[in-house]
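**Student:** fold the following, please.
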Amino acid sequence: MPSDISEFVQQRDLCDHLRGEIPDQGDEQSQAIDDINQQCRGTDAELQRLKLKYTGSTAFEQVLNQYEPDIESP
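**Tutor:** As a prediction, this is how the structure comes out:
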């Protein structure tokens, strides 16, 4: 797998994990949201860039299509 895809997958998997672990309230929630914002920032654009770069490569498209395309929007 190309390094740009593998780096994206690693970052986005951590991002998605953090998104699923938000505490209900308090300081821990604030810290979790800060962590999510830091880890997830730019992943929507990177996913789109990689999909364009690897258009036509079925194996790489299948990997990239596993990820939601628009997680950074409010």
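
**Student:** now for the helix or strand of the chain with the lowest mean pLDDT, which elements pack on it?
**Tutor:** Least confident element among the helices and strands of the chain, by mean pLDDT, DSSP states H and E: helix 26-40 (a mean of 86). If contacts are counted by 3 or more C-beta pairs under 8 Å, 6 or more residues apart in numbering; DSSP states H and E, helix 26-40 sits against helix 3-19. Any C-beta I mention is one placed from the backbone N, CA and C, and that applies to glycine too.

**Student:** quick one: the helix it packs on to helix 26-40, angle?
**Tutor:** 160 degrees (axes from the mean of the first three to the mean of the last three C-alpha atoms, to 10 degrees).

**Student:** just for the protein, where's the confidence low?
**Tutor:** 74 (pLDDT under 70).

**Student:** let's see 80
**Tutor:** 23-27, 73-74 (pLDDT under 80).

**Student:** contacts for the least confident helix or strand of the chain next, please.
**Tutor:** Helix 26-40 has contacts (C-beta atoms under 8 Å, 6 or more residues apart in numbering) with Q11, R12, L14, C15, L18, R19, E21, I22, P23, I71, E72.

**Student:** and I5, how far is that from E28?
**Tutor:** Taking C-beta to C-beta, to the nearest Å as the measure, I5 falls 33 Å from E28.

**Student:** tell me, how many residues neighbour the nearest residue to P2 once chain neighbours are set aside?
**Tutor:** Spatially, and ignoring its direct neighbours in sequence, P2 is nearest to F60 (7.4 Å; C-beta to C-beta, 6 or more residues apart in numbering). Neighbourhood size, F60 [other C-beta atoms under 10 Å]: 18.
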